[in-house]
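In: Would you be able to build a 3D model of this:
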Amino acid sequence: MDLFEINLTAVVQLLSFLFLLWMLNKLLYKPFFSIMDKRREKIESDLAEAEQLRK
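Out: Numbers count the residues shown, from 1 in each chain. A predicted model of the protein is given here:
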């Protein structure tokens, strides 16, 4: 039965890891990808404008 005994340390580590993932997503990944999307849209619009000016 020792194999299925819940280890409190493992539970705390799992919760800490999940909290870290949540914080990284909220504070790093979402803002980063938001900035990258805005940059991509700006570049696409600038390229379209440049193409129209060439004609």
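
In: And for I6, the neighbour number?
Out: 6 (other CB atoms under 10 Å). Using the backbone N, CA and C atoms, a C-beta is placed for each residue, glycine as well.

In: Tell me the secondary structure at it.
Out: coil (DSSP: H, G, I helix; E, B strand; the rest coil).

In: ok, it - contacts?
Out: Shown in contact with I6 (CB atoms under 8 Å, 6 or more residues apart in numbering): no residues.

In: and the gap between the spatially most central residue of the chain and L8?
Out: With distances taken as CA atoms, centre = their mean, the chain has Y29 as the residue nearest its mean C-alpha position (2.6 Å). Going from Y29 to L8 by CB to CB, to the nearest Å gives 30 Å.

In: what does E51 give?
Out: When CB to CB is the yardstick, E51 and L8 sit 62 Å from each other.

In: got it, and L47?
Out: Separation of L47 from L8 (CB to CB) stands at 56 Å.
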